[in-house]
Structures are given as C-alpha cells and as structure tokens.
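**Student:** just need the structure, nothing else, for what follows:
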Amino acid sequence: MSITIQRSLIISVAVLVASHCVSATTAPPTLATVQQKLAAMSVPFVPNAGQWDARAAFAAQTFAGTLFVTQQGELVYSLPGKKINADSAAQGPNVGANLAAQARTVGANLAAQARTVGADLAALPGAPPSDAKSSPTAASHAKSSPTLRSGGWVLRETLVDAKGNPRSMRHSTLPTPAGFMPMEGKVSYAIGGDPSKYADQLNTYERVNLGDMYPGVNVQLRAARTSAGNNIEKIFTVAPKHDPKQIRIQLAGAQKLEINAQGELIAHTGNGPVAFTAPIAFQENDRGERVSVAVAYALTSVGADSAPQARTVGADSAAQRQVVGADLAALPGTPPSDAPSSPTPASNTQSSPTTYTFTVGHYDSTRPLVIDPLLASTYHGGAASDLALAIAIHPWTGDVYVAGETESNPFPDTTSGAQTLYGGSGDGGGDAFVTRFNAALTSRLQSSYLGGSADDSATALAIHPASGEVYVAGFTGSTNFPGAPGGAQTGSGGGTDAFVTRFNAALTSRLQSSYLGGS
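**Tutor:** Residues are numbered from 1 along each chain as shown. Now for the predicted structure:
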C-alpha cells in the first residue's frame with residue numbers, strides 16, 4: 001500500500017546492521033574504487049530464494065549477527081557467542097565442563113549452537129555470517145592455546161495485541177512480507193558445501209512492507225546507512241484517527257528488559273546487553289517541516305507475560321525444552337549435516353518474553369508521527385565465523401582477491417583450490433583463506449584454505465605485477481603450516497609466527513610458504 005505522509009502517524013525503530021556483500025560494477029576496478037564501493041555498500045534486505053528455510057522471508061546482517069524477517073512478520077536476531085580462551089578450563093571442573101560443551105559447538109553454523117532450544121519453534125537455516133568481527137592484532141593472537149566460542153543468543157520480536165496475542169501476517173493487509181525500493185547491489189550465497197543452498201544474484205531491497213499489522217497501522221522495515229553504520233528501522237505509520245497505543249512488541253530471549261536513565265531500552269543477554277537508543281518522534285506540518293513529538297519507551301504487562309522470570313538453560317536438549325519452553329525463539333537455522341548437535345552451553349539463561357510499547361505526547365492526530373529508536377552496537381558477543389582482512393586487484397585481469405580468516409568447514413568453492421580441506425582443529429583454531437572474484441564481483445571464481453592444525457589468519461595480500469602470482473601474509477600458531485618445507489624458514493619459531501605464502505593466480509596451486517618468527 002502507498003503511505004500518504006501528510007495524513008499518517010509514523011513510528012520507526014532502527015537496527016544497526018553490517019555491510020555484507022558486493023555489487024556489480026561495469027568498469028574495470030582499481031583497488032581504490034573497489035574499497036570505496038565496499039565501504040559504501042550496505043546489504044539491507046535479501047529475499048529467501050531457497051538458501052534458507054521457507055519460514056524465512058528476508059534476512060539482513062546486523063552489527064553482531066543476522067536479522068531474519070519471518071513469513072509471519074516476526075523479527076529474529078541471531079547473535080553469535082563471544083570468544084574465550086581454553087586456558088580458563090584449568091580454573092575448575094565447572095568451567096571445564098562448560099568449555100567442553102562450548103567446544104562441541106565451535107565452528108558450526110550459529111544454528112547448530114541452539115538447534116534444540118524450543119521444540120516447536122521456527123528454525124531458519126543457514127544464517128549468513130556476520131561481518132562485525134573486528135580486525136585481529138598480533139597481540140590478540142599471540143597465544144598457543146585454542147580459542148573457544150560461547151553459545152550464541154537469540155532475540156525474537158513479535159507484534160502483539162493488548163492481551164499478548166501475536167499479530168501475524170494473517171492480520172495484515174498483505175499476505176507475506178514484501179520487498180520494495182530495490183537497491184543497486186545484488187548478493188550471492190554459498191552456504192556450506194551444499195549447492196542446493198547456493199543462491200546467485202539476488203535482488204536487495206531498501207524496504208520490506210509488512211502491511212497493516214494493526215487496524216490503521218502500517219509496518220515497514222527500512223534499511224538506511226548513517227554515520228553510525230547501517231540501520232534497519234521499524235516504521236509504524238498510524239493513519240489519522242487510529243491509536244498508536246495498539247503497538248506492542250513482545251521481546252523473547254532477554255534475561256531482563258529495562259529502560260535506563262538515558263531512555264534507552266536495554267535487553268540483557270548472557271553475552272552482554274543489547275541497547276535500543278531512546279526513540280524520537282516527529283510529524284510533518286503544512287510546510288513539510290518535521291515537528292518533534294515527545295515519546296518514550298514503556299514496559300508493559302500483557303497476557304501471560306506479566307511476570308517474566310529468568311531461567312537457566314540446561315546442558316542437554318531435553319532440559320532445554322523443559323526449561324525454555326515453546327514460546328522462546330530458537331537460534332535460526334537447521335545445521336548442516338556435519339555440524340555438531342550439541343546444545344547451547346549451560347551458562348546461558350533466558351527469560352519469558354517481555355513486552356514494550358511507546359508513550360506518545362500530544363500530537364496532531366490528523367498528521368504523521370515517527371518514532372525512531374536505534375539498536376546501538378553495544379552487544380558484547382563475539383565475531384562472525386568468517387572475516388575478510390585484505391583485498392587486492394589483479395593487474396592483468398582485474399580479478400578481485402580477498403583474504404582473511406575462517407572457521408567455516410566447508411568453505412565455498414575450495415574444491416579445486418590449492419588447499420581443499422579445512423586444517424583447523426575444530427576447537428576454535430581457524431584457517432586463513434583466499435578467494436578470487438571476477439572484476440564485476442558477480443562471480444566467485446576460486447577459494448582456497450591456508451592453514452595447519454592451529455589458528456591461522458591472513459592479514460595482507462599482494463599480486464606480483466609481472467608474474468601475476470598471489471602473495472598472502474599473516475600469522476599462524478600451527479607447527480605444520482602447509483608448504484613451508486623448502487622455504488626460507490621451514491619451521492615454527494614457537495608460539496605465534498608470521499608467514500608468507502605464494503599462490504598461482506588461479507589459486508589452484510600453493511607454490512611456496514615460509515615461516516617468519518623467533519621464539
């Protein structure tokens with residue numbers, strides 16, 4: 001439906017998201033132009049074309065994980081766990097037991113970490129990795145002990161009525177969530193090693209329309225890039241003479257929901273707080289000027305959710321189902337066939353859903369009102385399973401090479417690569433990777449792992465201007481780094497060493513590696 005701004009009340013809620021993918025380009029790229037495009041690119045809403053479960057309609061990358069929009073109009077935030085050091089296992093048997101449970105989930109899709117939470121809840125497979133992982137430093141990797149990842153966390157937002165009953169797409173004026181305002185960028189997915197989950201050249205959208213989820217209240221999601229990063233706004237457009245008090249959002253998965261002194265809505269999770277900034281509200285006058293309206297969050301008790309209580313999630317699937325119950329969201333995703341089936345570690349706690357709404361000051365009920373809180377990047381969870389740290393352009397072909405670190409097994413398009421198999425230990429030790437794209441960034445041509453049995457990461461990339469060969473440098477904790485025999489330094493100096501590796505341009509052959517480091 002079209003929205004007449006002059007005759008509506010608009011309420012919007014924003015969520016910070018991270019850039020995720022690339023756009024087609026018609027001219028041969030330079031490093032500067034590619035970096036500029038990648039920096040400016042936002043991947044807002046991506047439709048489900050079979051790469052996820054049919055219950056997912058759209059997805060977007062948030063600052064710390066993945067946001068799914070379900071076919072029923074719910075929002076599911078999949079937040080990854082934070083990294084921890086295995087040395088803490090020596091602190092006591094309880095810590096060791098938790099680490100053992102955590103280690104069984106490391107390296108799998110986020111979905112595998114909580115596939116058993118909630119027996120009858122929607123599971124949305126193949127959550128794309130977050131881009132929120134910060135660049136590692138030498139100091140952060142200067143250790144030989146493995147790195148483990150705690151369990152991820154999920155928050156699920158559902159629109160409800162005053163009695164706590166869900167408002168789904170069957171209440172809407174639209175049958176399903178609909179993308180509109182197409183973006184220039186297109187994205188492709190290669191989830192795991194299953195080609196049936198690959199999706200190429202998908203359109204992306206600036207907005208997703210959920211239709212009128214309440215009488216006279218249209219709900220849209222809008223992607224926007226601001227100085228703070230990429231944002232997703234929940235925009236509630238209230239038609240004249242309709243009541244914004246209808247709008248209630250039930251948030252499941254938080255240990256506690258509170259409003260702080262700054263007016264922010266804080267959702268506490270076992271991995272840290274998630275903060276929605278204080279909302280703003282405005283209307284437009286006859287001159288098209290925005291006029292501020294007072295607005296604030298308000299917590300409310302509805303239906304059976306009037307007394308939320310935090311409860312501990314058990315260490316086995318049966319206990320989790322009993323404790324968490326069917327009203328909490330599972331981490332989105334059916335794990336791949338080779339993923340571990342371990343549940344979320346016992347250290348996580350979650351609560352019953354909590355509901356929030358907005359209190360709105362005086363406004364002209366014949367005109368629009370916009371309420372716009374932002375989900376701030378204060379989540380202290382960990383980073384994604386894959387991280388690109390370096391980029392280079394081939395001087396002859398214009399092909400784009402990207403290198404970084406991955407904990408994914410399998411990783412897409414390594415079949416013919418110089419190293420086809422993941423060398424990581426499975427307890428948090430990742431591999432370096434290098435991937436080659438065509439100049440338009442519309443096709444992934446080849447990938448290769450690069451690593452031994454410990455933690456390896458590629459942080460620099462260069463291409464020889466005469467031979468076209470690809471040089472990758474980084475750091476490694478592996479004593480069996482591939483290709484080092486015959487190199488300038490054939491063995492590890494101990495702890496974490498630097499490395500440099502030379503590939504052919506096609507990434508199908510690793511020509512030589514060398515350690516670089518002392519004791």
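**Student:** going by C-alpha atoms from here, please, whenever you check contacts or count neighbours.
**Tutor:** Fine.
**Student:** all strands for the stretch 351-500 of the chain, in order.
**Tutor:** 354-360, 370-371, 374-376, 386-393, 400-406, 431-437, 444-450, 456-463, 470-476, 497-503 (DSSP state E, counting those that start in this stretch).
**Student:** list the buried ones in the longest strand belonging to the chain?
**Tutor:** Of all segments of type strand in the chain, defined using DSSP state E, the longest is strand 198-214. By neighbour count on 16 or more other C-alpha atoms under 10 Å, the buried set for strand 198-214 is 198-199, 203-214.
**Student:** ok, stretch 259-266 next?
**Tutor:** Burial within stretch 259-266, assessed by neighbour count using 16+ other C-alpha under 10 Å, is assigned to 259, 263-266.
**Student:** distance between the ends of that stretch?
**Tutor:** 6 Å (C-alpha to C-alpha, to the nearest Å).
**Student:** which pLDDT value belongs to the residue lying closest to P175 once chain neighbours are set aside?
**Tutor:** Of all residues not flanking P175 in the chain, M169 sits nearest, at 6.1 Å (C-alpha to C-alpha, 6 or more residues apart in numbering). M169 carries a pLDDT score of 93 in this model.
**Student:** pop the domain breakdown of the protein in here.
**Tutor:** With domains defined by automatic domain parsing, the chain comprises 5-132+152-376, 386-516.
**Student:** and these, which one averages the lowest pLDDT?
**Tutor:** Among the domains of the chain, domain 5-132+152-376 has the lowest mean pLDDT, at a mean of 65.
**Student:** show me what contacts D364?
**Tutor:** Not one residue lies near D364 by C-alpha atoms under 8 Å, 6 or more residues apart in numbering.
**Student:** any idea how far it lies from V238?
**Tutor:** As judged by C-alpha to C-alpha, D364 and V238 stand 12 Å apart.
**Student:** would you agree S196 falls within a helix?
**Tutor:** Yes. When DSSP: H, G, I helix; E, B strand; the rest coil is applied, S196 is found to be in a helix.
**Student:** do I have it right that it meets Q51?
**Tutor:** Yes. S196 sits in contact with Q51 when judged by C-alpha atoms under 8 Å, with a separation of 7.5 Å.
**Student:** who has more neighbours, those two?
**Tutor:** Q51 (24 against 11; other C-alpha atoms under 10 Å).
**Student:** what's the local residue count around the nearest residue to V160 once chain neighbours are set aside?
**Tutor:** Once flanking residues are discounted, V160 sits nearest to P166: 4.2 Å by C-alpha to C-alpha, 6+ apart. For P166, the neighbour count with other C-alpha under 10 Å is 17.
**Student:** and the closest residue to Y471 other than its chain neighbours, bridged to which residues?
**Tutor:** Take Y471 and drop its neighbours on the chain: the residue closest to it by C-alpha to C-alpha, 6+ apart is R502, 4.6 Å away. Taking DSSP bridges as the rule, R502 bridges to Y471, Q512.
**Student:** residue contacts, R502?
**Tutor:** Contacts of R502 (C-alpha under 8 Å, 6+ apart): 469-472, 510-513.
**Student:** switch to 10 Å and redo it
**Tutor:** R502 makes contacts with 462-464, 469-473, 483, 509-514, as judged by C-alpha atoms under 10 Å, 6 or more residues apart in numbering.
**Student:** G468 now?
**Tutor:** Applying C-alpha under 10 Å, 6+ apart, we find G468 in contact with 394-397, 462, 503-506.
**Student:** and for A388?
**Tutor:** Taking C-alpha under 10 Å, 6+ apart, one finds 131, 133, 135, 402-406, 432-435, 457-459 in contact with A388.
**Student:** next one: L159
**Tutor:** 73-75, 165-168, 213-214, 246-251, 355-356.
**Student:** from the residues you listed, which would you call buried?
**Tutor:** Here, 16+ other C-alpha under 10 Å leaves 73-75, 166-168, 213-214, 246-251, 355-356 buried among the contacts of L159.
**Student:** ok, so of those residues, who is nearest S448?
**Tutor:** S448 lies nearest to L75 out of the buried ones among the contacts of L159, by C-alpha to C-alpha, at 34.9 Å.
**Student:** surely E289 touches P368?
**Tutor:** No. Checked against C-alpha atoms under 10 Å, the pair E289 and P368 is beyond contact range at 11.6 Å.
**Student:** of those two, which one has the most company?
**Tutor:** Under the neighbour definition other C-alpha under 10 Å, E289 and P368 were set side by side, and P368 has more, 27 against 10.
**Student:** distance check, that one against P215.
**Tutor:** 16 Å.
**Student:** again, but for G493
**Tutor:** For G493, the distance to P215 equals 69 Å [C-alpha to C-alpha].
**Student:** and if you look at Y297?
**Tutor:** 21 Å.
**Student:** looking at the two, which is more packed in?
**Tutor:** Per other C-alpha under 10 Å, whichever of Y297 and P215 has more neighbours is Y297, with 20 against 14.
**Student:** what residues are up against the more buried one?
**Tutor:** Counted by C-alpha under 10 Å, 6+ apart, Y297 has contacts 258-259, 263-265, 276-279, 356-360, 373.
**Student:** wait, a strand at it?
**Tutor:** Yes. According to three-state DSSP, the state of Y297 is that of a strand.
**Student:** mind listing the helices for the protein?
**Tutor:** Secondary structure of the chain (DSSP state H): helices located at 31-40, 93-103, 110-113, 317-324.
**Student:** for the nearest residue to H464 once chain neighbours are set aside, give me its contacts.
**Tutor:** Nearest-residue entry for H464: V470, 6.5 Å, with adjacent residues in sequence omitted and distances by C-alpha to C-alpha, 6+ apart. By C-alpha under 10 Å, 6+ apart, the contact list for V470 reads 392, 394, 401, 434, 461-464, 501-507, 510-511.
**Student:** redo that, cut-off 6 Å
**Tutor:** With contacts defined as C-alpha atoms under 6 Å, 6 or more residues apart in numbering, V470 is in contact with 463, 502-503, 505.
**Student:** dump these into a markdown table; add distance to Y449 as well.
**Tutor:** Output for the contacts of V470, formatted as a markdown table (distance: C-alpha to C-alpha, whole Å):
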| residue | distance to Y449 |
| --- | --- |
| I463 | 18 |
| R502 | 13 |
| F503 | 12 |
| A505 | 15 |
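**Student:** spatially nearest residue to T496 (excluding sequence neighbours)?
**Tutor:** G477 (4.5 Å).
**Student:** cool, thanks, talk later.
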